[in-house]
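# kindly generate the corresponding structure for this input.
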Amino acid sequence: MVSIRDALSSAADEGIITAVQAEKLVPYLLAANSGDNEEQRPAVSEVLPAGDAFEAEESEQPRFVRGFHDILITIGVIVALVGLWGIGSLFAVLPAIVILAEILIRRQRLALPAVALTVALAHWTGLFALLVVEVAAPAGLDMLTSWLLVLPIFAAVLAVFYWRYRVPLALAATLLSLFLLAMDIVLVLLSKILGSVELITEHTGLAASIFLISALGIFSAAMSYDIADPARKSRQSDVAFWLHLAAAPALLYAMLSFIFLRNVSGEWWGDATSPSDAASVLAIVIVFMMIGLIIDRRAFVTSGLLSLGLAIWTILQRGGVDFSDYFSVTVLAVGVVVLLIGIFWQALRRAIVSILPAGITSHLHPVYRPGR
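Numbers count the residues shown, from 1 in each chain. Coordinates of the predicted model:
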């Protein structure tokens, strides 16, 4: 039998009611079903009760898979499109994507195939946009200017796909394309104003600042969807998930670029990287992990694991610590960190969120406290 939460969530996805109405109806119907009176109904923004422990542990679970049927259909979609891509032209694949979307998304509303078809459409759009640039753009066009032609095509195609099928990934990809387009426009204008052919390598500080502002814009968009659905029961939470998945590494590497400005056009972790550089990277990664705990988004933890490992390796190797196998020690350290954060996620989140002002915590995903 479908639960009250799932039924209201599906109704919100169908547009029958709004996500806000669904959030308000959940505690009301649960209380009515259990015979509780109005004073006993829990608010969505309150701490999750012990009965919702499973939901607390699965607080970041986009609705990709609703059964093995989804997985089977997705495998068929991928295999069929790969085969069609091999024997057909670029323009033969698009009708197949549309037909499959009409059947699997529009009619059957399958979540995982919707993600696969969105990725396939994004891949098709990229190839099509490159073809447009190759045919329509003048010879010798620089990379930044060529992206002015590519990104609008991405945004337009994915926006139409979202309008028709309401796939969260499509909306997130559309927004991401628009942010990248805005950043690219700024970079092109500055290149013209400063007379710089290679703005990113010739004005690294300026370029890093623009990257950081753009990443903050993506993060702000992700948080706006999170705040609009703190209970994470509607499509808005899924959009936020995909945006955070892009915002986390974008913010991380935008901040790291300030540390490695001298190597922006080359390798970041080289012989010139000092233990103090590695310590700065380590501090940034720790801050990112704390942000992930506060907003209950694990992308901010996973995006920094590679940098965490490189920072630990650099500190150990160049800080005078004697080990026979730095690689194994580093991998072990990263693994222990991941396990500790993963196992004690809820406890760590309670500890951090408890010291934040109520004005902030009221907009965050509810904190799970056992025994309540």
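# can we go C-alpha only for contacts and neighbour counts from here?
Will do.
# skip the chain neighbours and tell me the closest residue to residue 252.
Nearest residue to residue 252, sequence neighbours excluded (C-alpha to C-alpha, 6 or more residues apart in numbering): residue 304, at 7.2 Å.
# quick one: the helices in the stretch 51-200 of the chain?
Secondary structure of the stretch 51-200 of the chain by DSSP state H, counting those that start in this stretch: the helices cover 53-57, 68-87, 90-101, 111-136, 143-165, 168-194, 199-202.
# in this structure residue 274 contacts residue 317, no?
No. Using C-alpha atoms under 8 Å, residue 274 makes no contact with residue 317, being 10.3 Å away.
# re the thing from before, between the helices of the stretch 51-200 of the chain, which one is nearest to residue 253?
Closest approach to residue 253 among the helices of the stretch 51-200 of the chain is made by helix 199-202 (14.2 Å; C-alpha to C-alpha).
# would you mark the buried spots in the closest one?
199-201 (16 or more other C-alpha atoms under 10 Å).
# just stretch 87-100 next, same as before
In stretch 87-100, counting by 16+ other C-alpha under 10 Å, buried: 93-94, 96-97, 100.
# make CSV from the residues you listed and add pLDDT and distance to residue 159 to it.
Shown next, in CSV, are the buried residues of stretch 87-100 (pLDDT from 0 to 100; distance: C-alpha to C-alpha, whole Å):
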residue, pLDDT, distance to residue 159
93, 93, 19
94, 94, 15
96, 95, 19
97, 96, 15
100, 97, 18
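# as JSON lines, those with distance to residue 189 would be great.
Shown next, in JSON lines, are these (distance: C-alpha to C-alpha, whole Å):
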{"residue": "93", "distance to residue 189": "36"}
{"residue": "94", "distance to residue 189": "34"}
{"residue": "96", "distance to residue 189": "39"}
{"residue": "97", "distance to residue 189": "37"}
{"residue": "100", "distance to residue 189": "41"}
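# check which helix or strand the residue nearest the centre of the chain maps to.
By C-alpha atoms, centre = their mean, the chain has its centre lying nearest to residue 245, at 1.7 Å. Assigned by DSSP states H and E, residue 245 falls within helix 235-259.
# could you do residue 206 as well?
Secondary structure assignment for residue 206, by DSSP H and E: helix 204-228.
# what helices or strands is that helix leaning on?
Helices and strands touching helix 204-228, by 3 or more C-alpha pairs under 8 Å, 6 or more residues apart in numbering; DSSP states H and E, are helix 168-194, helix 199-202, helix 235-259.
# quick check: angle from that helix to helix 235-259?
Put simply, helix 204-228 runs at 160 degrees to helix 235-259, going by axes from the mean of the first three to the mean of the last three C-alpha atoms, to 10 degrees.
# residues contacting helix 204-228, please?
Here helix 204-228 makes contact (C-alpha atoms under 8 Å, 6 or more residues apart in numbering) with 20, 176, 179-180, 183, 187, 199-200, 232, 236-237, 239-241, 243-244, 246-248, 250-251, 254-255, 257-258, 261, 264, 363-365.
# filter the residues you listed to the buried ones?
Buried residues within these, counting neighbours by 16+ other C-alpha under 10 Å: 176, 179-180, 183, 187, 199-200, 232, 236-237, 239-241, 243-244, 246-248, 250-251, 254-255, 257-258, 261, 264, 363-365.
# got the buried residues for the helix holding residue 206?
204-208, 210-212, 214-223, 225-228.
# per-residue confidence averaged over that helix?
Taken as a whole, helix 204-228 has a mean pLDDT of 93.
# what's the angle between that helix and helix 168-194?
Using the same axes, to 10 degrees, helix 204-228 lies at 150 degrees relative to helix 168-194.
# flag the shaky bits of the stretch 51-200 of the chain, pLDDT-wise.
Residue ranges of the stretch 51-200 of the chain with pLDDT under 70: 51-59, 61-63, 65-66, 139-140.
# ok, residue 297 to residue 337 distance?
As judged by C-alpha to C-alpha, to the nearest Å, residue 297 and residue 337 stand 16 Å apart.
# residue 164 now?
43 Å.
# and residue 25, by the same measure?
Noted for residue 25: a distance of 39 Å to residue 337, by C-alpha to C-alpha.
# same thing with residue 345?
For residue 345 relative to residue 337 (C-alpha to C-alpha), the value is 11 Å.
# residue 113 too?
Here the criterion is C-alpha to C-alpha. By it, residue 113 lies 34 Å from residue 337.
# what does residue 181 give?
Taking C-alpha to C-alpha, one finds residue 181 at 36 Å from residue 337.
# quick one, domains of this structure?
1-44, 45-361 (automatic domain parsing).
# hey, which of those is tucked in deepest?
Greatest average neighbour count among these goes to domain 45-361 (a mean of 17), per mean count of other C-alpha atoms under 10 Å.
# what's the helix or strand residue 338 falls within packed up against?
Using DSSP H and E, residue 338 sits in helix 326-343. When contacts are defined as 3+ C-alpha pairs under 8 Å, 6+ apart, helix 326-343 packs onto helix 305-318.
# and the angle from the helix it packs on to helix 235-259?
Relative orientation of helix 305-318 versus helix 235-259 (the same axes, to 10 degrees): 30 degrees.
# residues contacting helix 305-318, please?
269, 273-275, 278-279, 281-282, 285, 322, 326-327, 330-331, 333-334.
# let me see the mean pLDDT of it.
The average pLDDT for helix 305-318 rounds to 86.
# return the distance of it from the chain's centre.
In terms of C-alpha atoms, centre = their mean, to the nearest Å, the centre of helix 305-318 is found 25 Å from the chain centre.
# and the angle from that helix to helix 326-343?
Going by the same axes, to 10 degrees, helix 305-318 makes 140 degrees with helix 326-343.
# hey, C-alpha coordinates of helix 305-318 in CSV?
What follows is helix 305-318, C-alpha atoms only, in CSV (Å, rounded to 0.1, in the frame of the first residue of the first chain):
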residue,chain,number,x,y,z
LEU,A,305,38.3,13.3,-1.3
LEU,A,306,40.9,13.5,-4.1
SER,A,307,42.2,16.8,-2.8
LEU,A,308,42.1,15.4,0.7
GLY,A,309,44.3,12.5,-0.3
LEU,A,310,46.8,14.7,-2.2
ALA,A,311,47.0,17.1,0.7
ILE,A,312,47.7,14.3,3.2
TRP,A,313,50.3,12.7,0.9
THR,A,314,52.1,16.0,0.4
ILE,A,315,52.1,16.8,4.2
LEU,A,316,53.4,13.3,5.0
GLN,A,317,56.1,13.1,2.3
ARG,A,318,57.4,16.7,2.5
